[in-house]
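Trainee: quick one: sequence plus predicted model below, questions after.
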Amino acid sequence: MTVLFLIGGYGLSQSQPFRFALVTDTHVGGSTGLEDLERTVLDLDQAENIDFAIFSGDITEFGSDDELAAAHAVLSRLKLPWHIIPGNHDTNWSESGGNSFLTVFGGDNFAFEHKGVLFMGTASGPNMRMAPGQIPRENLVWMDEVLARHAAERKPIIFVNHYPLDESLNNWFEAIDRLKGHNIQLALCGHGHQNRLFDFEGIPGVMCRSNLRAADSVGAYQIITYDGVKAAFHLRYPGVRTEENPWLEVPLSDHHFPQAAGEYVRPDYSVNEQDAGKRQVLWQYQDDSDLGAGFAVAGDLVITANTAGHVYALDNRTGEVAWTFPTKGKVYSTPSVWQDFVIFGSSDHHIYCLNAENGLLQWEYTTGKAVLASAITDGGIGYIGSSDGIFRAFDLESGRLIWSFEGVKGYVSAKPLIYGDKIYFGSWGNDFYALDLATGRKEWEWSNGSSNRMLSPAACYPVGSNGRIFIVAPDRYMTALDAETGQVIWRENKEKQMGFRVRESMGLSEDGTLIYVKTMDGELLGVSTIADSMEIVWKSSLQLPYELAPSAILAADGLVFVPSHSGLVSAVDAHDGQVVWQAKLSNAMINPMLVLPDRRIVSSTMDGKIELIKY
């Protein structure tokens with residue numbers, strides 16, 4: 001038994017004793033996830049003196065509609081009151097962009113009082129983009145509202161998130177700083193699939209093991225006894241036994257934390273004070289929701305979208321909102337503009353076309369599932385993939401469906417490439433497609449040969465040059481395909497040979513001779529577009545920390561713009577590879593950026609920050 005001793009408490013809670021269950025990382029859709037959850041639900045219904053249950057994320061393996069429906073069907077049998085939040089598996093690979101979780105379970109957070117204790121749980125992402133976890137911006141706003149309502153009472157608080165409250169969440173400090181202003185006594189999480197004690201800047205934290213059986217015959221969950229003095233954690237093996245002795249007892253206290261962060265680590269923004277003469281922030285905008293889309297430009301407007309379901313335009317001279325169009329689902333689809341038409345998709349199962357000048361609806365089209373993919377336009381036609389296995393082309397003026405290709409395995413979430421007379425895109429089914437631009441006929445299809453859909457070439461923006469299509473993927477391979485035939489010209493993984501781990505983030509040089517790739521170790525490389533192998537012919541001095549952001553790399557005005565998962569944009573000299581300037585917007589992932597005329601670049605971060613820089 002591990003015991004955590006806290007010194008100098010400020011009095012004990014007068015809360016009545018009670019017991020509750022915490023079940024985490026059920027991974028329905030994985031090999032034994034559904035069966036293990038069914039066993040646990042049956043066991044909970046037969047247990048005595050348990051007041052309620054909390055399910056703390058990674059409910060499913062991929063966040064698919066089928067998996068969510070299966071999980072909900074089992075949980076609906078539970079006679080106990082229960083509360084639920086999503087984890088990264090429910091959101092990062094979700095075919096609905098996390099929207100189905102909201103529909104099926106009614107929300108992605110919870111707040112309730114039980115016998116004098118306030119329980120709060122929030123979602124944690126990452127949302128549709130590989131990055132560290134993140135409590136969504138809208139959930140932080142919600143936390144402010146809940147905490148404000150209870151500020152005068154100073155009730156004991158137990159906070160639940162899928163992730164630990166540490167740097168595995170890119171905005172861990174925002175949650176901690178909020179909680180420290182109140183009577184936070186305990187933080188619970190999953191994610192790590194193990195029982196572990198944490199200290200989150202003085203807040204006792206407990207990670208709980210997965211409900212999956214793994215190598216055992218059955219899985220396990222926690223029965224937690226709260227008596228106002230301590231919280232005791234017992235492992236319960238459903239249908240078998242409850243461990244008599246707790247594996248952990250956590251003393252409880254009102255810590256009266258100081259408001260200031262003090263000696264604790266916080267993100268460093270000092271880079272913004274360097275090289276000030278090389279760039280200037282023209283304006284900033286803060287959304288109250290997460291942002292997961294890039295930008296389109298229409299005259300003096302830049303158009304983007306948020307996870308509250310709003311597509312909106314900002315005046316690129318002032319940063320003021322020019323118009324807003326609401327949808328009924330989260331929007332991760334980067335809009336695309338042709339003349340006065342802007343096309344995009346929403347997780348509400350619709351493709352929309354608006355007037356780019358005023359945001360008025362021109363037409364809409366209903367799809368079978370969510371539309372997460374970004375659009376691309378060419379010659380009055382809009383092209384966009386969706387989660388229903390269909391890729392479509394529309395006449396932008398009339399909304400007429402010109403053609404549809406219904407053979408997509410998995411779903412589409414990134415932006416396609418038009419190169420020559422074909423359109424190219426990957427899917428979360430391990431496949432990559434080339435369609436005839438005029439007819440939608442499949443010209444070729446390539447598979448990476450993996451049975452693990454997490455390794456699909458689906459998140460990168462493909463690049464075309466010298467008759468070749470280039471892609472990178474989470475399997476850490478870079479692949480060059482013949483644009484006409486789909487034959488593999490080369491496919492290489494440089495991890496063992498040179499230590500380079502490429503993954504999803506790439507872009508084309510201005511002269512078309514290089515494919516820029518970012519490694520997971522934070523290096524920026526240039527790969528030849530004409531060589532017969534993955535020939536690295538250029539290397540930058542840029543050195544980022546461990547890096548996951550899949551957003552595309554841009555090249556313009558002799559610079560290479562590199563996104564990061566920690567809110568940093570780096571501008572690198574395309575000739576000598578030296579870092580010219582850097583700007584840190586926030587500590588969240590940089591979304592797809594857009595270069596504007598007059599040496600300006602607009603960037604956004606997943607936590608809702610937008611910034612226009614003149615360089």
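Mentor: Perfect, I can see it now. Residues are numbered from 1 along each chain as shown.
Trainee: what are the bridge partners for Gln280, then?
Mentor: Lys614 (DSSP bridges).
Trainee: count of residues packed around it?
Mentor: Under the neighbour criterion other C-beta atoms under 10 Å, Gln280 is assigned a count of 11. Any C-beta I mention is one placed from the backbone N, CA and C, and that applies to glycine too.
Trainee: same check, this time on Ala549
Mentor: For Ala549, using other C-beta under 10 Å, the count is 27.
Trainee: that one: what secondary structure?
Mentor: State at Ala549, reduced to three classes by DSSP: H, G, I helix; E, B strand; the rest coil: coil.
Trainee: ok, Leu542 next?
Mentor: strand.
Trainee: who's in contact with Ile303?
Mentor: Ile303 makes contact with Phe295, Ala296, Val297, Val311, Tyr312, Ala313, Leu314, Pro335, Val337, Val342, Ala356, according to C-beta atoms under 8 Å, 6 or more residues apart in numbering.
Trainee: partners of the helix or strand hosting it in the sheet?
Mentor: Per DSSP states H and E, Ile303 falls inside strand 301-305. As defined by DSSP bridges, the strand partners of strand 301-305 come to strand 296-298 (antiparallel), strand 310-315 (antiparallel).
Trainee: identify all contacting residues around the first one.
Mentor: Right, strand 296-298. Against strand 296-298 from outside (C-beta under 8 Å, 6+ apart): 302-304, 313, 316, 334-337, 340, 342, 356-357, 594, 596.
Trainee: rerun at 10 Å
Mentor: 302-305, 311, 313, 316, 322, 334-344, 354-357, 374-375, 377, 594-597, 602 (C-beta atoms under 10 Å, 6 or more residues apart in numbering).
Trainee: please check the residues you listed and keep the buried ones.
Mentor: Taking 16 or more other C-beta atoms under 10 Å as the criterion, what is buried in those is 302-305, 311, 313, 316, 322, 334-338, 341-344, 354, 356, 374-375, 377, 594-596, 602.
Trainee: what mean pLDDT does the strand holding Ile303 have?
Mentor: Averaging pLDDT along strand 301-305 yields 98.
Trainee: could you dump that strand to CSV, C-alpha only?
Mentor: The C-alpha coordinates for strand 301-305 follow below in CSV (Å, rounded to 0.1, in the frame of the first residue of the first chain):
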residue,chain,number,x,y,z
LEU,A,301,-11.2,38.7,-45.6
VAL,A,302,-9.6,35.6,-44.1
ILE,A,303,-12.1,32.8,-43.4
THR,A,304,-11.8,30.1,-40.8
ALA,A,305,-13.9,27.9,-38.5
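Trainee: run the chain-centre distance for that strand.
Mentor: The chain centre lies 20 Å from the centre of strand 301-305; the measure is C-alpha atoms, centre = their mean, to the nearest Å.
Trainee: then stretch 155-173?
Mentor: Worked out by C-alpha atoms, centre = their mean, stretch 155-173 lies 17 Å from the chain centre.
Trainee: and it, end to end?
Mentor: End-to-end span of stretch 155-173 (C-alpha to C-alpha, to the nearest Å): 22 Å.
Trainee: coming back round to it: can you redo the contacts of Ile303 as CSV with distance to Val141?
Mentor: Shown next, in CSV, are the contacts of Ile303 (distance: C-beta to C-beta, whole Å):
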residue, distance to Val141
Phe295, 23
Ala296, 26
Val297, 29
Val311, 20
Tyr312, 17
Ala313, 22
Leu314, 20
Pro335, 24
Val337, 30
Val342, 27
Ala356, 29
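Trainee: many thanks, I have nothing further to ask.
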